[in-house]
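Asks: Here is my input, please return the structure:
(2 chains)
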Amino acid sequence: MKEEIEKIIQKVLKNLDINEVDFSVEHPDDNKNGDYSTNVAMVCAKSLKINLKELAEKIKNELEKNLPKEIKKVEIAGPGFINFYLLGEFFAESIKEILKEKEDFGKNKIGKGKKILVEYSSPNIAKPFTIGHLRSTIIGDSVSKILEFSDYKVIRDNHLGDWGTQFGKMIVAIKKWGNLDALENDPSPIKTLVDLYVKFHDEAEKNPELEDEGREWFSRLEKKDSEAVAIWQKCISYSMKEFHRIYERLDINDFDTINGESFYENKMGEVLEDIKNKNLGKESEGAFLIFFPDETKLNPLMITKKDGSSLYALRDLTTDKWRKKEYGDDIKIINEVGTEQSEYFKQIFEAEEMLGYFTKEQRIHLAHGLYRFKDGKMSTRKGNVIWLDDIINEAVSRASTINSDVSEEVGIGAIKFNDLKRESKKDIIFDWEEIINLNGDSGPYLQYSYARAKSILEKAKDENIKIETTVPEGWGTTEVEKLLNRFPEIVMRSAEDFAPQQIANYLINLARSFNTFYGNTKIVDKDDLTSPYKLAITEAFSIVIKNGLNLLGIKSPEKM
RNA sequence: GCGCCCGUAGCUCAACGGAUAGAGUACUUGUCUUCGGAACAAGUGAUAUGGGUUCGAUUCCUGUCGGGCGCACCA
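Replies: Residues are numbered from 1 along each chain as shown, chains lettered A, B, ... in the order given. Prediction:
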């Protein structure tokens, strides 16, 4: 419809001999101002320096000659907007469409089947799966789902942190204070490993030589020293077991590739050569780094250390080069990583452009902010990590006060929604009351609304009432109908911006309009159940909200 | 010190350069003995600050203040 209106306006402008105008057609926030609205008159009046009101009238008159049948009327309002009001039948049509397309409703083609790789989650081996990784996991999963829904060919990539100096340190700690055999029977080996790692840092403060020892063991690992490799592999197997358990619980386990950094370890030579061939690298204080043309804007990027061993940046460049070879030159890559690495990614993107690997359009750093805590209860003290399990368990236990049968779905959904409902680059103030609240802007509220709709439909089915999309007199323009109609457009925008937040906020508005539509339960009386069109809206609502929740990775239990 | 990000009701968040800046929560009030009342409705309450661009600025540019993050051998 939007496109149709744009076309008509183009035509009208042509008739009026006005060319090249950059106008827009949008939904007014307040639907008193119509279903669609255009600023075309204001924009034209400016560039043509003519009287706004006269022009608006002229355009309006011309428009009225060309209106499609779904448009009821056109009006000039406010500072010069031209507003379009649609007939109820238009919205009833989209209800029909929703009932027909079901889980496909909202799909769009903006991806045009192109490949896009989303790197997310990426926990570190032998480290806790923290709430920081949780954010990346939740956002990455949702963005992947949204892109897939929008006809992208999505490659979900879990880039495990399984390489780096930290493993040298880990090996030193295990050898000094740990016991490999005991680890084998340890019920929670990761906790033990983390304790050892913390101990390493404590000891290293008193005794800095330990750091050198750690670097040396990492160097041995890079040279495939058998003892180092054996210990390293043990760490991986303990961690992977733990990660799989967590992904299972979060219902996020459809990664296409789980290649750790170590996978790219033997491919780094090529990249080093590229850097040398293009003359981009320079030595400084024994280390090897890339300097950027404008040094005031971008700090140099270190590639290898003075002992020759690799750094994160080299492994990342190698990873991306491999991806290009594997998935094609025109692939886009999204890294879902915290905001603290913003500058680092700028360096990487610049380097990849200079190396001729990718253009900047192909590289996206989707950054997320930190978790912060309102009450000091779960704040991080030094050396005290927040374990993801503790957070999930608390969420589930709080959700069980709502309904114990589906507390797992509700608790986890609540955490996911809390993460996805806001702009991801901003920090999250973690507040349990906000997260679990059944009435607020929360996951449970959406799930509740869905269950309510399902229950109404169930009841109607028992009473043998059929759903029909014929619009009764005076219907077809309620808030909930209008919002249902907008779902595809919201999905599209959310895919363009990689922003699940837009779907999340839309769903809240939709659920609220639905609950307002039914009012308090007293109003859901016989009349409602015998109104086949009202049931059609209910059914459409249940479909859309379920599709939306799916895109956020949140389950929709039918009973709550 | 330099760079990036953020300052919107008491609190947590919205608003594709557009119309009277929306929600939730908290607080006040009303519907009211529940086929889902953990509901619905009403009310109080905000763009940190100075300048600029624009027909129009929470949004863009710029100064100030406040907060977060990053800045060479970690990832």
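Asks: my guess is residue A:511 meets residue A:446, correct?
Replies: Yes - counting by CB atoms under 8 Å, residue A:511 sits close enough to residue A:446 to count as a contact (5.4 Å). All C-beta atoms are positioned from the backbone trio N, CA, C, and that covers glycine.
Asks: Need the residues touching each of the two.
Replies: Both residue A:511 and residue A:446 are contacted by residue A:545, under the criterion CB atoms under 8 Å, 6 or more residues apart in numbering.
Asks: Check what contacts the helix or strand residue A:117 falls within and list those residues.
Replies: Here residue A:117 is covered by strand A:115-119, with elements defined by DSSP states H and E. Strand A:115-119 is contacted by residues A:140, A:143-144, A:147, A:152-159, A:323, A:327-328, A:330-337 when judged by CB under 8 Å, 6+ apart.
Asks: Longest helix of chain A, counting residues only.
Replies: With DSSP state H setting the assignment, residue counts place helix A:226-250 as the longest helix in chain A.
Asks: circling back: quickly check: the strand holding residue A:117 near RNA strand B or not.
Replies: No - with CB under 7 Å from any atom of the strand as the measure, strand A:115-119 is seen stopping short of RNA strand B, the closest distance being 12.4 Å.
Asks: looking at this, residue A:56 is in a helix?
Replies: Yes - the secondary structure assignment for residue A:56 places it in a helix, going by DSSP: H, G, I helix; E, B strand; the rest coil.
Asks: Quick check, pLDDT for it.
Replies: Turning to residue A:56, the model gives it a pLDDT of 89.
Asks: contacting residues around it?
Replies: With contacts defined as CB under 8 Å, 6+ apart, the neighbours of residue A:56 are A:41, A:45, A:76, A:80, A:82.
Asks: same for RNA strand B: which of those residues are within range?
Replies: Among the contacts of residue A:56, the ones lying near RNA strand B by CB under 7 Å from any atom of the strand are residue A:80.
Asks: Looking at the contacts of residue A:56, which one is closest to RNA strand B?
Replies: Distance from RNA strand B was checked for each of those by CB to the nearest atom of the strand. The minimum falls on residue A:80, at 6.7 Å.
Asks: what about the closest one, distance to residue A:50?
Replies: Taken as CB to CB, to the nearest Å, the spacing of residue A:80 relative to residue A:50 amounts to 12 Å.
Asks: among the contacts of strand A:115-119, which are in helices?
Replies: When helices are assigned by DSSP H, the members of the contacts of strand A:115-119 inside them are A:140, A:143-144, A:147, A:323, A:327.
Asks: Put together a markdown table for those, with neighbour count, distance to RNA strand B and pLDDT on each row.
Replies: Putting the ones in helices among the contacts of strand A:115-119 into a markdown table (neighbours: other CB atoms under 10 Å; distance: CB to the nearest atom of the strand, whole Å; pLDDT from 0 to 100) gives the following:
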| residue | neighbour count | distance to RNA strand B | pLDDT |
| --- | --- | --- | --- |
| A:140 | 29 | 16 | 97 |
| A:143 | 28 | 16 | 97 |
| A:144 | 27 | 21 | 98 |
| A:147 | 23 | 19 | 98 |
| A:323 | 22 | 17 | 97 |
| A:327 | 17 | 22 | 97 |
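Asks: Quick one: neighbours of the nearest residue to residue A:216 once chain neighbours are set aside, just the number.
Replies: Nearest residue to residue A:216, sequence neighbours excluded (CB to CB, 6 or more residues apart in numbering): residue A:168, at 6.7 Å. Residues within reach of residue A:168, counting by other CB atoms under 10 Å, total 24.
Asks: quick one: the strands in the stretch 251-400 of chain A?
Replies: Counting by DSSP state E, counting those that start in this stretch, one finds strands in the stretch 251-400 of chain A at the ranges A:281-284, A:287-290, A:301-304, A:332-338, A:363-368, A:371-373.
Asks: just how off-centre is the longest one within its chain?
Replies: Between the centre of strand A:332-338 and the centre of its chain there are 11 Å (CA atoms, centre = their mean, to the nearest Å).
Asks: just to revisit the earlier point, between the strand holding residue A:117 and strand A:363-368, what angle do the directions make?
Replies: Taking axes from the mean of the first three to the mean of the last three CA atoms, to 10 degrees, one finds that strand A:115-119 is oriented at 40 degrees with respect to strand A:363-368.
Asks: How about the contacts made by residue A:554?
Replies: Contacts of residue A:554 by CB under 8 Å, 6+ apart are A:412-413, A:416-417, A:443, A:446-447.
Asks: By neighbours, which of the residues you listed wins?
Replies: residue A:443 (34 neighbours).
Asks: which residue sits closest to it, ignoring its sequence neighbours?
Replies: Nearest in space to residue A:443, with sequence neighbours left out and distances taken as CB to CB, 6+ apart, is residue A:417 at 3.2 Å.
Asks: I'd like to know how far that neighbour sits from RNA strand B.
Replies: Residue A:417 is 11 Å from RNA strand B, where distance means CB to the nearest atom of the strand, to the nearest Å.
Asks: go on, residue A:432?
Replies: Counting by CB to the nearest atom of the strand, the separation of residue A:432 from RNA strand B is 12 Å.
Asks: which of residue A:80 and residue A:50 has more neighbours?
Replies: Comparing residue A:80 with residue A:50 by neighbour count (other CB under 10 Å), the higher total belongs to residue A:80, at 19 against 13.
Asks: for the more buried one, phi and psi?
Replies: The phi and psi values for residue A:80, taken as degrees, to the nearest 10, are phi 130, psi 20.
Asks: ok, now how distant is the residue of the stretch 101-250 of chain A found nearest RNA strand B from residue A:141?
Replies: When you check the stretch 101-250 of chain A against RNA strand B by CB to the nearest atom of the strand, the closest residue turns out to be residue A:164, at 2.4 Å. In this structure, residue A:164 and residue A:141 are 25 Å apart, going by CB to CB.
Asks: quick one, which of the two is more surrounded?
Replies: Under the criterion of other CB under 10 Å, the comparison of residue A:164 against residue A:141 puts residue A:141 first, with 28 against 20.
Asks: who's in contact with that one?
Replies: So, once contact is read as CB under 8 Å, 6+ apart, residue A:141 ends up touching A:120-121, A:156, A:252, A:553.
Asks: one more time with 6 Å, if that's ok
Replies: Each residue near residue A:141 by CB atoms under 6 Å, 6 or more residues apart in numbering is listed here: A:252, A:553.
Asks: Over to the one 3 residues further on?
Replies: Going by CB under 6 Å, 6+ apart, residue A:144 touches A:118, A:154, A:156.
Asks: Quick one: mean pLDDT for the helix or strand harbouring the residue nearest to residue A:443?
Replies: Residue A:417 is part of helix A:407-420, with elements assigned from DSSP H and E. For helix A:407-420, the mean pLDDT works out to 93.
Asks: Name the SS class of the closest residue to RNA strand B within the stretch 351-500 of chain A, please.
Replies: Across the stretch 351-500 of chain A, no residue is closer to RNA strand B than residue A:440, which sits at 2.6 Å (CB to the nearest atom of the strand). Of the three states, residue A:440 takes coil under three-state DSSP.
Asks: re the thing from before, mind checking which of the contacts of residue A:56 land in strands?
Replies: Taking DSSP state E, the ones among the contacts of residue A:56 that sit in strands are A:76, A:82.
Asks: Could you dump the contacts of residue A:56 into JSON lines with pLDDT added?
Replies: Converted to JSON lines, those look like this (pLDDT from 0 to 100):
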{"residue": "A:41", "pLDDT": "89"}
{"residue": "A:45", "pLDDT": "81"}
{"residue": "A:76", "pLDDT": "91"}
{"residue": "A:80", "pLDDT": "88"}
{"residue": "A:82", "pLDDT": "93"}
